[in-house]
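> I'd like to go over a predicted model; first the sequence, then the structure.
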Amino acid sequence: MTVSPHNFIKFSPYSAITDQQHHEITLTFGQMQADMRDVVFYSGGETGTKMTDSRLADVDLGGGVLRFSLHLCREVVLT
């Protein structure tokens, strides 16, 4: 897991200059493995047909192939 924060804060004692805050953080999760058993998935239901099918599957994501990132931002302008 890696964490990358970035914070920007601007403030002034003068009322003509607005205060600002901008906060960002990026969380990255990598080389994760997943072993899921009996995962339900659905197929069918295309336009024009009312047939659907559901099945069970076993999913194995080994070798660290699973990776995702989460990026959060917040900006505040104070007047």
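Arrived safely, thanks for sending. Numbering: from 1, shown residues only.

> ranges for the helices of the protein?
Taking DSSP state H, the chain contains no helices at all.

> In its sheet, which strands sit next to the helix or strand of it with the lowest mean pLDDT, and in what direction?
Ranked by mean pLDDT, DSSP states H and E, the weakest helix or strand in the chain is strand 52-78, scoring a mean of 85. Strand 52-78 has the following sheet partners, assigned by DSSP bridges: strand 19-44 (antiparallel).

> For stretch 28-46, which outside residues touch it?
Contacts to stretch 28-46, defined as Cβ atoms under 8 Å, 6 or more residues apart in numbering, come from residues 1-2, 4, 51-70. Just so you know, the C-beta spots here come from the backbone N, C-alpha and C atoms, and that holds for glycine as well.

> Across the sheet, point out what pairs with residue 7.
Applying DSSP bridges to residue 7 gives these bridge partners: residue 23.

> so what's it up against?
Residue 7 sits next to 21-24 when contact means Cβ under 8 Å, 6+ apart.

> Next up, the contacts around the closest residue to residue 6 other than its chain neighbours.
Excluding the flanking residues, the one nearest residue 6 by Cβ to Cβ, 6 or more residues apart in numbering is residue 24, at 4.4 Å. Listed by Cβ under 8 Å, 6+ apart, the contact partners of residue 24 are 5-7, 71-74.

> please redo it, this time with the cut-off set to 7 Å
Residues in contact with residue 24 (Cβ atoms under 7 Å, 6 or more residues apart in numbering) are 6, 72-73.
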